[in-house]
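Student: Quick one, structure for this:
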Amino acid sequence: MNENHGRVYTSGRLSRLFFCSILLLVIFSNILYSQERQIKFENIGIEEGLSQASIHCIWQDSKGFIWIGTESGVNRYDGYDFIVYTSDVKNPKSLSNNWVYSVYEDHLGNIWIGTDGGLNRFNREKEIFTRYLHDPEKPNSLSNNKVFTIFEDKSGSLWIGTDNGLNRFNRKEETWFRFQSDPKDRNSLSHNSINSICEDSLDMLWIGTDKGLNRFNPTTGKFVQYKHIRGDFKSLSDDWIHVVYQDRLGML
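Tutor: Residues are numbered from 1 along each chain as shown. Take a look at the predicted model:
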């Protein structure tokens with residue numbers, strides 16, 4: 001026991017008092033921290049210059065510009081003002097279609113824009129677009145004009161996911177090699193509608209589709225399909241894969 005000004009404290013009571021003091025200090029510190037960390041949102045919309053309120057994608061390029069894909073063109077935002085790029089039927093060097101699904105910058109600084117009506121490469125200096133469209137008469141053209149996702153792998157190969165297959169771009173010849181689903185081939189894509197492309201630490205590509213996840217080996221050109229199996233809780237929970245991403249720990 002300890003005596004202090006006529007009061008007697010047992011070791012157990014001292015321990016409880018010490019614990020309560022620490023607990024109050026932690027609670028009070030958390031309250032102050034929470035107050036300091038209040039998050040405020042700023043709304044940026046049509047009144048600020050955005051072309052349309054339905055946003056399908058956002059990408060920040062190497063120069064700091066924010067690219068926003070909408071259903072009425074693509075918007076370039078510098079933090080203050082918008083520049084809107086839209087399709088013009090009289091100008092073949094304008095955006096091919098106003099419904100924008102995806103925006104991506106490759107290692108060369110090219111801005112690629114996937115739309116409901118073709119793929120576009122933006123020339124920053126001239127502010128014009130080069131269009132890549134599906135041509136039924138050319139098997140080395142883009143497989144489909146609905147471009148949902150764009151991705152560049154570590155080797156610099158550009159991959160385009162469309163509503164009818166995966167495409168790899170030949171930069172020298174500006175042609176496309178197609179990868180499409182074949183029900184008779186288990187080593188092909190599980191489905192042709194491509195929603196997401198991701199590269200893992202082993203240089204394998206993971207392709208998310210409307211019907212299953214696929215692992216693609218660029219060396220062999222073969223796919224491994226992963227699908228939901230009823231009753232198997234270790235299989236995919238659902239076959240509709242919208243996004244594929246690998247975290248810092250290597251988990252997909």
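Student: So if we follow the domain assignment, how does the chain break up?
Tutor: Domain assignment of the chain by automatic domain parsing yields the ranges 2-36, 51-226.
Student: Between these, which has the poorest mean confidence score?
Tutor: Looking at the domains of the chain, the lowest mean pLDDT belongs to domain 2-36 (a mean of 53).
Student: Single out the most deeply packed of the domains of the chain.
Tutor: For the domains of the chain, the largest average neighbour count (mean count of other Cβ atoms under 10 Å) is found in domain 51-226, namely a mean of 17. C-betas here are computed from N, CA, C, even on glycine.
Student: Let's see the distance spanning that one from one end to the other.
Tutor: This stretch, domain 51-226, spans 39 Å end to end (Cα to Cα, to the nearest Å).
Student: ok, back up a step: can you lay out the domains of the chain as TSV showing distance to Tyr245?
Tutor: Output for those, formatted as TSV (distance: least, Cβ to Cβ, whole Å):
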stretch	distance to Tyr245
domain 2-36	29
domain 51-226	6
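Student: So for Gln246, which of those domains sits nearest?
Tutor: domain 51-226 (5.2 Å; Cβ to Cβ).
Student: and Ile241, which of the domains of the chain is closest to it?
Tutor: Here domain 51-226 is closest among those (Cβ to Cβ), at 3.2 Å.
Student: and Gly161, how far is that from Ile194?
Tutor: Separation of Gly161 from Ile194 (Cβ to Cβ, to the nearest Å) stands at 3 Å.
Student: on that earlier part again, what's the closest of the domains of the chain to Ser237?
Tutor: Once the domains of the chain are compared by Cβ to Cβ, domain 51-226 is nearest, at 11.0 Å.
Student: got any residues that touch both of Gly161 and Ile194?
Tutor: Phe148, Thr149, Ile207 (Cβ atoms under 8 Å, 6 or more residues apart in numbering).
Student: ok, now which ones touch the second one?
Tutor: If I follow you right, that is Thr149. Counted by Cβ under 8 Å, 6+ apart, Thr149 has contacts Tyr101, Ser102, Gly114, Ile160, Gly161, Ile194, Asn195, Ser196, Ile197.
Student: Rebuild these as TSV, extending it with secondary structure and distance to Trp67.
Tutor: Shown next, in TSV, are the contacts of Thr149 (DSSP: H, G, I helix; E, B strand; the rest coil; distance: Cβ to Cβ, whole Å):
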residue	secondary structure	distance to Trp67
Tyr101	strand	12
Ser102	strand	10
Gly114	strand	12
Ile160	strand	17
Gly161	strand	18
Ile194	strand	21
Asn195	strand	19
Ser196	strand	18
Ile197	strand	18
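Student: Distance to Thr220 added to the residues you listed, as TSV?
Tutor: Shown next, in TSV, are those (distance: Cβ to Cβ, whole Å):
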residue	distance to Thr220
Tyr101	29
Ser102	27
Gly114	27
Ile160	21
Gly161	20
Ile194	19
Asn195	23
Ser196	21
Ile197	18
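Student: Tell me the one of the residues you listed nearest Trp240?
Tutor: Using Cβ to Cβ, Asn195 is the member of the contacts of Thr149 that sits closest to Trp240, with 8.2 Å.
Student: Let me see the contact set for the closest one.
Tutor: Asn195 touches Phe148, Thr149, Gly161, Gly208, Thr209, Asp210, Ile241, His242, Val243, counting by Cβ under 8 Å, 6+ apart.
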